[in-house]
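> Take this sequence and fold it.
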Amino acid sequence: MNNQRLIRRMVRRETHSSRAAASVLAATVLLALCLWLALEAVLMMAGVPALLASPGETGRWLAGLPAATIPGWLAAAGAGIALLGVLLMAAGMAPGRRPRRALASGRCAVVVDDDVIASAVSRTVQLSSGVAPGQVTTTVAGRSARVQVRPTSGLALDAGALTAAASSELARYGLATRITPAVRVASSGAVGQ
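Numbers count the residues shown, from 1 in each chain. Next up, the predicted model:
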């Protein structure tokens with residue numbers, strides 16, 4: 001395996017979540033159901049009373065369920081089971097993403113959390129605007145970075161210049177998916193900063 005392929009594999013492993021938890025949960029529920037049915041069948045063959053319900057009683061209950069249940073409730077139960085199936089299918093097929101991104105590096109895999117990127121963008125915008133660190137907050141999600149700047153009272157800030165500073169900071173990282181910054185300067189300022 002060459003170095004670039006190994007790096008891509010490592011980055012994918014760090015930026016995508018595994019399906020192990022959902023798989024284990026579904027398998028555990030199915031295993032418990034199968035073990036219970038097997039235990040009830042063995043108890044029935046041994047002539048011992050059933051723990052919950054014998055397989056014959058369970059079959060008769062299921063056969064009589066449509067006649068004994070209000071059709072609306074039956075339809076609601078069917079819709080709920082169908083929704084559960086769709087959710088399990090979506091969980092199994094959708095790509096699970098962690099809030100992490102790969103930075104450009106030719107020698108090794110560099111993966112950074114979105115909060116670290118947000119902190120770096122906040123620091124750059126804070127230094128560009130000359131405000132205190134607590135007056136800039138950044139949130140990175142998906143392909144955007146939302147930057148909220150609260151200026152010092154009486155100080156006008158140029159949102160275009162701050163957007164350019166945030167864009168240049170994000171461009172330095174060489175991210176595979178481009179993040180577009182959106183800088184918003186608050187209308188009310190902070191006093192005494």
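> Longest helix in this structure, please.
Counting by DSSP state H, the longest helix found in the chain is helix 20-46.
> Does anything pack onto the helix or strand following that helix? Which helices or strands?
Sequence-wise, the next helix or strand downstream of helix 20-46 (DSSP states H and E) is helix 55-68. Here helix 55-68 touches helix 20-46, going by 3 or more CB pairs under 8 Å, 6 or more residues apart in numbering; DSSP states H and E. To be clear about C-beta, it is placed using only N, CA and C from the backbone, and glycine gets the same treatment.
> quick one, what contacts residue 168?
residue 124 (CB atoms under 8 Å, 6 or more residues apart in numbering).
> In what element of secondary structure is it found?
helix 159-173.
> in this structure, which ranges drop under the pLDDT threshold?
The chain contains residues with pLDDT under 70 at 1, 189-193.
> Count the neighbours of residue 155 for me.
12 (other CB atoms under 10 Å).
> Okay, it and residue 142: tell me how far apart.
Distance of residue 155 to residue 142, given as CB to CB, to the nearest Å: 31 Å.
> thought residue 173 was touching residue 117?
Yes - contact criterion CB atoms under 8 Å: residue 173 and residue 117 qualify, at 7.1 Å.
> ends of stretch 149-167, how far apart?
15 Å (CA to CA, to the nearest Å).
> Could you check which helix or strand contains the nearest residue to residue 26 once chain neighbours are set aside?
Spatial nearest neighbour of residue 26, chain neighbours left out: residue 88 (6.4 Å); criterion: CB to CB, 6 or more residues apart in numbering. Using DSSP H and E, residue 88 falls within helix 71-93.
> now do residue 4
helix 3-15.
> Please export the C-alpha coordinates of that helix as PDB.
C-alpha atoms of helix 3-15 as PDB (Å, rounded to 0.1, in the frame of the first residue of the first chain):
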ATOM      1  CA  ASN A   3       1.800   6.300   1.300                       C
ATOM      2  CA  GLN A   4      -1.000   8.400  -0.300                       C
ATOM      3  CA  ARG A   5      -3.500   5.600  -0.100                       C
ATOM      4  CA  LEU A   6      -2.700   5.000   3.500                       C
ATOM      5  CA  ILE A   7      -3.100   8.700   4.300                       C
ATOM      6  CA  ARG A   8      -6.500   8.700   2.600                       C
ATOM      7  CA  ARG A   9      -7.600   5.700   4.600                       C
ATOM      8  CA  MET A  10      -6.500   7.200   7.800                       C
ATOM      9  CA  VAL A  11      -8.200  10.500   7.100                       C
ATOM     10  CA  ARG A  12     -11.400   8.700   6.200                       C
ATOM     11  CA  ARG A  13     -11.300   6.700   9.400                       C
ATOM     12  CA  GLU A  14     -10.900   9.800  11.500                       C
ATOM     13  CA  THR A  15     -13.500  12.000   9.700                       C
END
